[in-house]
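1. Here is my input, please return the structure:
(2 chains)
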Amino acid sequence: MTMSQRMNALWEYANPKKFLATTERVLPFFWASAALCLVAGLVWGFFFTPDDYRQGSTVKIIYLHVPSALMAINAWMMMLATSLVWLVRRHHVSALAARAAAPVGATMTVIALITGAIWGQPMWGTWWEWDPRLTSFLILFLFYLGYMALWEAIDNPDTAADLTSVLCMVGSVFALLSRYAVNFWNQGLHQGASLSLDKEEHVADVFYFPLLVCIAGFVLLFIALVFYRTGTEIRARRIRALMARERVQA
Amino acid sequence: MMPELGKYADTVLSAYAASLLLLAGLIAVSLWRGRKLRAEMKRIEARVSRRG
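-> As a prediction, this is how the structure comes out:
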């Protein structure tokens, strides 16, 4: 199959009926594997890993904090990609997928902020600090709120999709900034990356492997939720169209 | 079975409780809205097809 044929096959999923049929088939796999990875990773990390020699048992928070922070940023990047597809190709499913992902990303951001504050209190002696990474994460959360509010505030769905796509592009600067803030400013309380291709940098193996399982669980849960919620948005759009047709006929 | 969390027990348990509650809430709201709209769409489609 050529590249162009592969791209054409991909665009078939922009058809709402095709998208719904396909996601309904694969959703049970994503729900089940997300549950399996989350339970396995969290049980492994919580019950079967030792305390850290400096951080004590608080290190167990890593299994929630790092995956949720990763997904908070990656959810926005996924929204950026689907928003660009909307702006360029005008496929409604891509705009609805971005809308469906926003509450999931916002929840991940809240989890990262809350677990970070709870973890930071005993380790840094404060719940909050205007550190580059923490601040950029808070701004990212505000962008999520603004994005969701904008969708709700505009009646015309195409106009809402256009404006939220532009907001998504602006917010992606903060999504990237929250990932690389520690490197840019090289200051503040927050440590560097917990995961890195450079083996010298990332956490010890005893924490690393259950962390990978938890990250897989969060990624699979994100995919399952976005597929499911996109289906819901497609149905909401169809309901609006049917009701508009009824009003015209009445 | 519960691991010894020492003086940070409250810290660790509250982080887990808050996160799992938020995740459970997100999943519950998503499923509730999904089911509601699925039923509503079926009802409206049936009404529209009856009217022709």
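
2. so which helix or strand takes in the spatially most central residue of chain B?
-> Nearest to the geometric centre of chain B sits residue B:28, at 1.8 Å (Cα atoms, centre = their mean). Per DSSP states H and E: residue B:28 is located in helix B:9-51.

3. what about stretch A:37-45, distance to the chain center?
-> 20 Å (Cα atoms, centre = their mean, to the nearest Å).

4. avg pLDDT for stretch A:149-163?
-> In this model, stretch A:149-163 has a mean pLDDT of 96.

5. ok, now stretch A:36-52?
-> Mean predicted confidence for stretch A:36-52 is 96.

6. buried ones in it?
-> A:37-38, A:41-42, A:44-46, A:49, A:51-52 (16 or more other Cβ atoms under 10 Å in any protein chain shown). All C-beta spots, glycine's among them, are computed from the backbone N, C-alpha and C.

7. where does the chain have low pLDDT?
-> I'll assume chain A. A:1, A:7, A:9-10, A:13, A:181-201 (pLDDT under 70).

8. To clarify, I was referring to chain B.
-> Looking at chain B by pLDDT under 70, you get B:52.

9. Point out the residues in it that sit beside chain A.
-> Within reach of chain A by Cβ under 8 Å from any Cβ of the partner chain, chain B has these residues: B:1, B:3-9, B:11-12, B:14-16, B:18-19, B:22-23, B:25-27, B:30-31, B:33-34, B:37-38, B:40-41, B:44-45, B:47-48, B:51.

10. Could you identify the buried members of these?
-> B:5, B:8, B:11-12, B:15-16, B:18-19, B:22-23, B:26-27, B:30, B:33-34, B:37, B:40-41, B:44.

11. Show me what the longest helix anywhere in chain A is packed up against.
-> The longest helix of chain A (DSSP state H) is helix A:205-249. Applying 3 or more Cβ pairs under 8 Å, 6 or more residues apart in numbering or on different chains; DSSP states H and E, one finds that helix A:205-249 contacts helix A:16-47, helix A:62-89, helix A:92-124, helix B:9-51.

12. Out of these, the one nearest residue A:131 is which?
-> helix A:92-124 (9.1 Å; Cβ to Cβ).

13. What is that closest one packed up against?
-> Counting by 3+ Cβ pairs under 8 Å, 6+ apart, helix A:92-124 packs on helix A:16-47, helix A:62-89, helix A:132-153, helix A:157-185, helix A:205-249, helix B:9-51.
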